Structure formats: C-alpha cells, structure tokens
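Student: Curious how this folds, go ahead:
(one chain, ligands or ions: 2)
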Amino acid sequence: MYHLLKGLHEYLTRKEEFSVIIIGLDGAGKTTLLEKIKTLYNETPGLPPDKIAPTVGQNMGKITLPSTILKFWDLGGQRGIRSIWHRYYDDCHAVVFVIDAEDRERLNEGWEVLPQDSVLSAPQILEVPLLLLANKQDSPRSLSVEEIRNDYEEWYRRKLDSARRTYGDETDLQHRAERIASLDVMGISALEGTGVRAAVDWLFIRVQNSRRR
Ligand SMILES: Nc1nc2c(ncn2[C@@H]2O[C@H](COP(=O)(O)OP(=O)(O)OP(=O)(O)O)[C@@H](O)[C@H]2O)c(=O)[nH]1
Ligand SMILES: [Mg+2]
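Tutor: Residues are numbered from 1 along each chain as shown. Ligands and ions are numbered 1, 2, ... in the order given. Have a look, this model is predicted:
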C-alpha cells in the first residue's frame, strides 16, 4: 500500500525536465541572462553582473515551474568555443540565441553564426523552438526588436540572393526561409531583468508543445 501511494504521489507531483541552450556571440549577455533567470526564479540568487567573467565552456542553471523543470545550458560564445554548440543540439528542447542589440558592428557576425553554424539548418533541431533575444534594451544605443528583425531579414535576403547565384538549389534555402518566417524575436535587458519573465514564459509554453520529448 505504501509503495502504491508513494508511486501515486510521485506520479502526481512528477515534473518533466526540458533542456534549453543559450547561444550567441561572446559578450552578448548570455551568462548575465542565465544568472538573472536564477535570481528571478530560485531562492538562491544568481551571480551579480560584476562577478561574471567570459564563459570558457558552459554554465548550467535549473528553474522549477508548474509540473516542469527548465534546465538552461549557457554556452561560451567566443570564436574558439562555438564549435561545442552542436554537441548540445541533439538533446535540447529549445534554443535561445542572444544578440547584443547595442553592438551594431557585430550584428552581421551574429547572423553569420546563426545559420552557418547550422543552428537554423541542423536537421536535429529544425523542430526545436528558437527564440531570438535582442538584449541590452536598457541602453539608449540599442536597436529595437523591430530594427533587429529588419536587419536580419535584409542580411538574409542578401545571403539568399548570393546562394541562388552560387548553387541554384532552393530546397535547403526554402526550409530555412520557412523557419525564419516563424522566428520569434523579443527584447530583454538581462542586466535589469526587463522582458526576462516573458522570455521564460515563451520557453515554458513552447517546450510543452515541442515535438521532441
Ligand atoms: N547594458 C547592458 N549590458 C549587459 C546586459 N547584459 C549583459 N551586459 C554586459 O555585457 C557584457 C558581457 O556579458 P556576459 O553575460 O558575460 O556575456 P556572454 O554572452 O556570456 O559572453 P561569453 O561568455 O564570452 O560568451 C558584460 O559586461 C555585461 O554586464 C544588458 O542587458 N544591458
Ligand atoms: Mg558567458
């Protein structure tokens, strides 16, 4: 009887666990975001921004939501470390791509990393929700969500044109175009926490509906 009740209790209180990877260029604010998420959702606060150093490798943080645990993997964004990202694609349920909206100079570099590092085209994550975060919205110099989206679409159009000229093959590009059409972009300030709960809500809803379990 005890085992039956224990089993029933475990069944009723069980939480499904989902993995979310946080990627993007170095300095975009990924770790600041992870630590802010910990502060907002956990009893033990995350590191304050002045204690955060560039990530060499990965950081992990977990939060508990109704019947769900979200496990975040914050991966280092420096050029030499980006090659580890793909190792996480197989097991993740959502991808967060963080952009430094203040750094116009590096926007193109960010876009180059997004599709060319196969984030958009890797077959294993095609069905996985992808959220683009335009970070540092607290800064008056930052581009808005709308401007970031436009910049990406322009960059993508240029890319498409040159790829058509080079390969003439549309299938992969078509696949990506569909993916991009549904690309969600949200504005946040990882530093101040603005928009962070909305982003976590988005992830919470999308991982439940994700086709990958
Ligand atoms: N103004 C402003 N600065 C931010 C924000 N988020 C992060 N920063 C700053 O941006 C710098 C880089 O932040 P990190 O969180 O270390 O960046 P990262 O993406 O983890 O970088 P790597 O670990 O090298 O990949 C730090 O100086 C942060 O304080 C933000 O929302 N607003
Ligand atoms: Mg970091």
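Student: Would you mind giving the secondary structure of Leu5?
Tutor: The three-state label given to Leu5 by DSSP: H, G, I helix; E, B strand; the rest coil is helix.
Student: how far out from the middle of the chain is the longest helix anywhere in the chain?
Tutor: Looking across the chain with DSSP state H, the single longest helix is helix 145-167. Its chain's C-alpha centre and that of helix 145-167 lie 20 Å apart, by CA atoms, centre = their mean, to the nearest Å.
Student: what residues are up against the nearest residue to Leu130 once chain neighbours are set aside?
Tutor: Excluding the flanking residues, the one nearest Leu130 by CB to CB, 6 or more residues apart in numbering is Val95, at 4.8 Å. Glycine gets a C-beta too; all of them are placed from N, C-alpha and C. By CB atoms under 8 Å, 6 or more residues apart in numbering, the residues touching Val95 are 20-21, 23, 89, 119, 125, 128-131.
Student: Of the residues you listed, which belong to helices?
Tutor: Tyr89.
Student: Parallel or antiparallel, which strands does whatever helix or strand the residue nearest to Leu130 lives in pair with?
Tutor: Under the criterion of DSSP states H and E, Val95 resides in strand 94-100. Paired neighbours of strand 94-100 in the sheet (DSSP bridges): strand 16-23 (parallel), strand 130-135 (parallel).
Student: Compile those strands into JSON lines and extend it with columns for distance to Glu146.
Tutor: Formatted as JSON lines, these follow (distance: least, CB to CB, whole Å):
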{"stretch": "strand 16-23", "distance to Glu146": "23"}
{"stretch": "strand 130-135", "distance to Glu146": "9"}
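Student: which one of those strands is the most hemmed in?
Tutor: Burial of the strands paired with strand 94-100 is given as mean neighbour count (mean count of other CB atoms under 10 Å); strand 130-135 ranks first at a mean of 24.
Student: Taking the centroid of this protein, which residue is nearest it?
Tutor: The structure's the chain has its C-alpha centroid closest to Val96; by CA atoms, centre = their mean the separation is 0.4 Å.
Student: where's the closest residue in space to that residue that isn't next to it in sequence relative to ligand 1, distance?
Tutor: Among residues not flanking Val96 along the chain, Ile22 sits closest, at 4.7 Å (CB to CB, 6+ apart). Shown here: Ile22 relative to ligand 1, a distance of 8 Å by CB to the nearest ligand atom, to the nearest Å.
Student: likewise Leu130?
Tutor: Distance, Leu130 to ligand 1, using CB to the nearest ligand atom: 17 Å.
Student: That residue is in contact with Leu183, isn't it?
Tutor: Yes: with contact defined as CB atoms under 8 Å, Leu130 reaches Leu183; the gap is 6.5 Å.
Student: can you list the residues that contact the helix or strand where Gly61 lies?
Tutor: Assigned by DSSP H and E, Gly61 belongs to strand 58-65. By CB under 8 Å, 6+ apart, the list of residues contacting strand 58-65 from outside reads 15, 31, 34-35, 37-38, 41-42, 46, 69-76, 84, 200, 204.
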